[in-house]
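Chemist: After the sequence you'll find the predicted model.
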Amino acid sequence: MVTPRISYAHLLATPNPKHVDSLLSFFENGRAQRGTGGFGVEIEHLPVHNADDTAVSYYEPNGVETLLLRLRPYYDESKEYWENGHLVGLARDGVSVSLEPGGQVETSIGILHTPEDLNALYSRFRQEADPIVAELGWRFVAYGYQPKSSFADIPVNPKDRYDAMTSYLGRVGQFGPCMMRCSASTQVSIDFVDEHDAIAKMRIGTAIGPILAWYFRNSPYFEGRINPYPLLRQRMWDYLDFQRTNVIPGLFDQRFGWEDYAIDVLSTPLMFADLTHTPEALESGATAKELHRAAFYENAGDVYPDRELNSYEINHIISTHFNDVRLKNFIELRHWDSLPVERAERLTEIVASLFYVPANRIRLESYFDGLREEDVLEAKANIQARGRDASPYGQPLDFWQEFLGIEGILVDVPGDPAHPDVFQA
């Protein structure tokens, strides 16, 4: 007997068929344009003062805005992103620099053809940025959470969407403001060749993500104290807003496909509507605030016109979902804390081995054949409850270290009272 798929969003709002077709075309174009074998890596950095390790804000004198302004000469002027009169993004071939809500500085790097390519592009960014931040009196920290500051001490940057997200996420879950203002991550993106390949990779990524997160955990602190959670990032996202986080509903049903994912995304309230690239809104003379507005109860069909969506609108709609694994015109694996580049490169090597080496891929698909959404939720809870004594999917962590080819990875996190302050190379 096949377990029926349940998505309560579908009972509340039926997405516009033209919007569904738009997302399906978007996924198909990703397949056609990218093929397979490439990577994208995003590393978010926590800016902290040298004097006391507290967070550096966007607005303060010699803060994050000053860094971006001084980095401008290194980037393509035509690709700058400004909002409300403030610079919030830079880009050039191979690298873009953007901001998370609390002023975290994100570098998006790719397309990479081997994991080793990461270091060259990333090193150039750091060679340009580090002397500037040193002169400004602060530095970048690669942790999953601010070491000293509380979310209450950090203002959001000038993007309008972050005001709306603060109002929304601060009321629906436990950790919205914490995640927005203090957390930082490493994300790895991979390609897919068709719908079947994409769904299979999304299932594998969802299943093994929490296990890899254990070996690449890097959050010794939470709200100025020792972090009590084995996997802080997972804890924050899982308890944030279940309709847009955690495991994609229905992913492990064998009938699941791109259309199911599109319907789920389009049926969920947007939180925030971005109409800055919607011609009908621009032609209507809408004000800046009307082009950027909260959409707490409105889904895409309520906000966007009855036509095919453009790529900007599609990317915005998908960006309001934060599942463990996210489908765009590539697959985004989102489980991991911010990491130093050496560890990010090692993570990318492991992802490459598991997803792009046919023998490893077949082995994973065979092992997880018949896996259910409930099994993934149980594995996550097992790691959170038992830490190093966990047995996700019924197997001890030593088994997974060998099975996933991650021998010699992080053993202990500095600052965690449950573990010595040592690392293993």
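Modeler: In hand now; what should we look at?
Chemist: alpha carbons only for contacts and neighbour counts from here, please
Modeler: Will do.
Chemist: Show me where the stretch 251-400 of the chain has its strands.
Modeler: Counting by DSSP state E, counting those that start in this stretch, the stretch 251-400 of the chain has strands at residues 271-274, 292-295, 322-323, 325-327, 331-337.
Chemist: Contacts made by stretch 104-119 with the rest, please.
Modeler: For stretch 104-119, contacts defined as C-alpha atoms under 8 Å, 6 or more residues apart in numbering pick out 37-47, 64, 94-100, 121-122, 181-182, 184, 341-342, 345-346, 348-349, 352.
Chemist: Any regions of the stretch 51-200 of the chain where pLDDT drops low?
Modeler: Filtered on pLDDT under 70, the stretch 51-200 of the chain yields no residues whatsoever.
Chemist: Please enumerate the helices of it.
Modeler: With DSSP state H, counting those that start in this stretch as the criterion, the stretch 51-200 of the chain has helices at 64-71, 117-136, 160-172, 176-182, 195-215.
Chemist: Turn the ones you listed into CSV, including mean neighbour count.
Modeler: Putting those into CSV (neighbours: other C-alpha atoms under 10 Å) gives the following:
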stretch, mean neighbour count
helix 64-71, 18
helix 117-136, 15
helix 160-172, 18
helix 176-182, 24
helix 195-215, 21
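Chemist: Please convert those to CSV, extending it with distance to Asp324.
Modeler: What follows is those, written out as CSV (distance: least, C-alpha to C-alpha, whole Å):
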stretch, distance to Asp324
helix 64-71, 28
helix 117-136, 23
helix 160-172, 17
helix 176-182, 14
helix 195-215, 6
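Chemist: Which stretch among these approaches Arg31 most closely?
Modeler: Closest approach to Arg31 among the helices of the stretch 51-200 of the chain (C-alpha to C-alpha): helix 195-215, 8.3 Å.
Chemist: what's the angle from that closest one to strand 331-337?
Modeler: 10 degrees (axes from the mean of the first three to the mean of the last three C-alpha atoms, to 10 degrees).
Chemist: contacting residues around the residue most central in space within the chain?
Modeler: Most central in the chain under C-alpha atoms, centre = their mean is Arg334, positioned 4.3 Å from the mean C-alpha point. For Arg334, the contact set (C-alpha under 8 Å, 6+ apart) comprises Ser185, Thr186, Gln187, Val188, Asn323, Asp324, Val325, Arg326.
Chemist: dump the residue contacts of the second one.
Modeler: With C-alpha under 8 Å, 6+ apart as the criterion, the residues that contact Thr186 are Val41, Glu42, Ile43, Glu44, Arg334, His335, Trp336, Asp337, Ser338, Leu339, Ala344.
Chemist: could you flag which of those residues are buried?
Modeler: When the contacts of Thr186 are checked for burial by 16 or more other C-alpha atoms under 10 Å, the buried set is Val41, Glu42, Ile43, Glu44, Arg334, His335, Trp336, Asp337, Ser338, Leu339, Ala344.
Chemist: Give me the helices and strands touching the helix or strand the second one falls within, please.
Modeler: Assigned by DSSP states H and E, Glu42 belongs to strand 39-49. In this structure, strand 39-49 makes packing contacts with strand 105-112, strand 138-141, strand 185-190, judged by 3 or more C-alpha pairs under 8 Å, 6 or more residues apart in numbering; DSSP states H and E.
Chemist: what would those look like in JSON lines with distance to Met236?
Modeler: Shown next, in JSON lines, are the helices and strands packed on strand 39-49 (distance: least, C-alpha to C-alpha, whole Å):
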{"stretch": "strand 105-112", "distance to Met236": "19"}
{"stretch": "strand 138-141", "distance to Met236": "20"}
{"stretch": "strand 185-190", "distance to Met236": "12"}
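Chemist: Go through those strands and name the closest to Asn84.
Modeler: Nearest to Asn84 among the helices and strands packed on strand 39-49 is strand 105-112 (18.5 Å), distances taken as C-alpha to C-alpha.
Chemist: Point out the most buried one among the helices and strands packed on strand 39-49.
Modeler: Counting by mean count of other C-alpha atoms under 10 Å, strand 185-190 has the highest mean neighbour count of those, with a mean of 24.
Chemist: now it against helix 195-215, angle please.
Modeler: 150 degrees.
Chemist: returning to what we had before: what subset of the contacts of stretch 104-119 is buried?
Modeler: Among those, the ones that count as buried by 16+ other C-alpha under 10 Å are 37-47, 64, 95-100, 121-122, 181-182, 184, 341, 345-346, 348, 352.
Chemist: was I right about Glu100 contacting Met180?
Modeler: Yes. Taking contacts as C-alpha atoms under 8 Å, Glu100 lies within contact range of Met180: 7.2 Å.
Chemist: Including mean pLDDT and distance to Arg161, could the strands of the stretch 251-400 of the chain go into TSV?
Modeler: TSV is the format used below for those (pLDDT from 0 to 100; distance: least, C-alpha to C-alpha, whole Å):
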stretch	mean pLDDT	distance to Arg161
strand 271-274	95	6
strand 292-295	92	7
strand 322-323	96	15
strand 325-327	98	20
strand 331-337	97	20
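Chemist: Can I get the ones you listed in CSV including distance to Gln174?
Modeler: Output for the strands of the stretch 251-400 of the chain, formatted as CSV (distance: least, C-alpha to C-alpha, whole Å):
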stretch, distance to Gln174
strand 271-274, 17
strand 292-295, 20
strand 322-323, 15
strand 325-327, 21
strand 331-337, 18
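Chemist: Any idea how far apart the tips of stretch 367-376 sit?
Modeler: 14 Å (C-alpha to C-alpha, to the nearest Å).
Chemist: end to end, how far does stretch 56-65 reach?
Modeler: Span of stretch 56-65 from end to end, C-alpha to C-alpha: 10 Å.
Chemist: Tell me which residues of it come out buried.
Modeler: For stretch 56-65, by 16+ other C-alpha under 10 Å, it's Val56, Ser57, Tyr58, Tyr59, Asn62, Gly63, Val64, Glu65.
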